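Asks: Next come a sequence and a model predicted from it.
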Amino acid sequence: MGRRFIVCGLLSLLALAGVTVAGEVGPAWLQGKVECQDGEGSSLSARWLLAQQRQAAARSGLLLAGYAFNARPRVQLDHRTYNCPSPRLVEVDIGGERLTANGHDFNENFFDTTDDRSLPAKPASPASPRMGIILLFKRERNGWAAIDAGVLSRAIGYRFSSMPIYWLGESESQESYRFLKEIFLAGRCRQRLLLPLALQPIKEVWEFLADIARGSHPLALRKDAIFWIGAFKEADGLRQLRLLQSRQLEVELRKQLVFSFYLNGSDEALTQVLALAKKGEHAEIRREAIFWLGQAAAVRSAPALREIIDGDDDRSLKKHAVFALSQLPTEQSFPALMDIARRHADAEIKKTAIFWLGESGDPRALDFFEEILGLKH
């Protein structure tokens, strides 16, 4: 799930507004079969209980519910994936007991953009909740079990034509976190709930996600929990990553930790990546750290990679470090690759540097190739 995170485009969220929808008072970005219950219960749980009671007589074995919550700042959605018409309007449907938006998944395109300085930092507040969550439940012997979850953006409209949604109004952060945690622990759609949980702007979320990573859950769920801890670039999340780093986790989880340190992007997090690149206990961990060190393009990356190339005993790691060096900005990578190609003692490492010089597309490489081929007069 990780590397795709970096390359997707982003569009900004807009604020919540309220208008009349289908005879009920509800948010303007919800259309169609919307049954609003935001004034009919003292708490989110009470409103959810009322929705269950109203659905009890219905023949449908499915129930759709949703509510608004205060998300972490600077979360955005790439609307292009939904292929929205203008004005943006998404048709919500259910296919194979999964939520779809114009035939696409709900949760694939939300990202944190803390390092995007073009976006003003506007902390969420009860007066202007920034996001929503939609939950799909299935009737079972012991009641309603959540089978899918998705995150809603205020920047586009959602139309519910195939089945109604019970809109439970707004929820404050602690209440929303407790509600989602309870659903997660019930155990039906845990992977789908990780993003909605991570969006809750309270530090307990990072502790809970770290507990998931340490637990006996499936490996994929544990990896995704680690991913979301790093994705939002917060100090409390970084603290949990460091605590996880001190544990004896499986190699795949430790590799995911490297990626999450990289995603966090702070100096402290990149120092962890640097340390793992130099002295990781496992070759796979070192390779992962070397790769992300090159992608980070930090000021310290080039010297650290040169240290590995010049001093490590593992040739495969040296080659990996040459590749990572080639991924840095040209002003950092090109002189270093030229120096390695001219002076390194290992012919294999020199050949690797020459290869990446050729891939660089820098016209200065042509002069060097003419020189080593004896074509310069």
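Replies: Now that the structure is in, tell me what you want to look at.
Asks: K233 reaches N264, doesn't it?
Replies: Yes: here K233 reaches N264: they are 5.3 Å apart, a contact under CB atoms under 8 Å. C-betas here are computed from N, CA, C, even on glycine.
Asks: These two: who's more crowded?
Replies: Set side by side, K233 and N264 show more neighbours around N264, with 23 against 18, by other CB atoms under 10 Å.
Asks: Over to the residue lying closest to the more buried one once chain neighbours are set aside: give its phi and psi.
Replies: Ranked by CB to CB, 6 or more residues apart in numbering and with sequence neighbours excluded, the top spatial neighbour of N264 is G230, at 4.8 Å. The phi and psi values for G230, taken as degrees, to the nearest 10, are phi -80, psi -20.
Asks: and G230, how many neighbours?
Replies: 26.
Asks: Check the spacing between it and S266 real quick.
Replies: 10 Å (CB to CB, to the nearest Å).
Asks: Same check on S173?
Replies: 23 Å.
Asks: try A65
Replies: From A65 to S266 the distance is 37 Å (CB to CB).
Asks: more neighbours, those two?
Replies: Looking at A65 and S266 with other CB under 10 Å, you find the greater number of neighbours at A65, namely 24 against 14.
Asks: I'd say the more buried one and P164 touch.
Replies: No: between A65 and P164 there is no contact under CB under 8 Å: 9.9 Å.
Asks: For burial, what's the neighbour tally of D236?
Replies: By other CB under 10 Å, neighbour count at D236 equals 14.
Asks: One more: I156?
Replies: Counted with other CB under 10 Å, I156 comes out at 20.
Asks: picking up where we left off before, contacting residues around the residue nearest to N264?
Replies: Counting by CB atoms under 8 Å, 6 or more residues apart in numbering, G230 touches 237-238, 241, 259-264, 269.
Asks: Against which helices or strands is the strand ranked longest in the chain packed?
Replies: Ranked by residue count and defined by DSSP state E, the top strand of the chain is strand 157-171. Contacts defined by 3 or more CB pairs under 8 Å, 6 or more residues apart in numbering; DSSP states H and E place strand 157-171 against strand 30-36, helix 44-55, strand 62-69, strand 89-95.
Asks: List the buried residues of the longest one.
Replies: By neighbour count, with 16 or more other CB atoms under 10 Å as the criterion, the buried positions of helix 44-55 are 44, 47-48, 51, 55.
Asks: what comes into contact with it?
Replies: Contacts for helix 44-55 (CB under 8 Å, 6+ apart): 35, 37-38, 40-41, 63, 65, 67, 143-144, 166, 168-169, 171, 175-176, 179.
Asks: just the angle between that helix and strand 62-69, please?
Replies: Angle, helix 44-55 to strand 62-69, by axes from the mean of the first three to the mean of the last three CA atoms, to 10 degrees: 150 degrees.
Asks: Take helix 44-55, keep the C-alpha atoms, and write them as CSV.
Replies: Only the C-alpha atoms of helix 44-55 are listed here, as CSV (Å, rounded to 0.1, in the frame of the first residue of the first chain):
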residue,chain,number,x,y,z
LEU,A,44,-23.5,9.0,18.6
SER,A,45,-24.2,5.6,20.1
ALA,A,46,-27.8,6.6,21.0
ARG,A,47,-28.4,7.8,17.4
TRP,A,48,-26.9,4.6,16.1
LEU,A,49,-29.2,2.5,18.3
LEU,A,50,-32.2,4.5,16.9
ALA,A,51,-31.1,3.8,13.4
GLN,A,52,-31.0,0.1,14.1
GLN,A,53,-34.5,0.2,15.6
ARG,A,54,-35.9,2.0,12.5
GLN,A,55,-34.3,-0.5,10.2
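Asks: Next, the angle strand 157-171 makes with it.
Replies: Going by the same axes, to 10 degrees, helix 44-55 makes 130 degrees with strand 157-171.
Asks: The last one now?
Replies: Going by the same axes, to 10 degrees, strand 89-95 is angled at 80 degrees with respect to strand 157-171.
Asks: can you put the helices and strands packed on strand 157-171 in a markdown table and add distance to R130 and mean pLDDT?
Replies: A markdown table is the format used below for these (distance: least, CB to CB, whole Å; pLDDT from 0 to 100):
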| stretch | distance to R130 | mean pLDDT |
| --- | --- | --- |
| strand 30-36 | 15 | 88 |
| helix 44-55 | 17 | 89 |
| strand 62-69 | 8 | 92 |
| strand 89-95 | 17 | 84 |
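Asks: I'd like these laid out as TSV, including distance to L194.
Replies: Formatted as TSV, the helices and strands packed on strand 157-171 follow (distance: least, CB to CB, whole Å):
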stretch	distance to L194
strand 30-36	24
helix 44-55	20
strand 62-69	15
strand 89-95	21
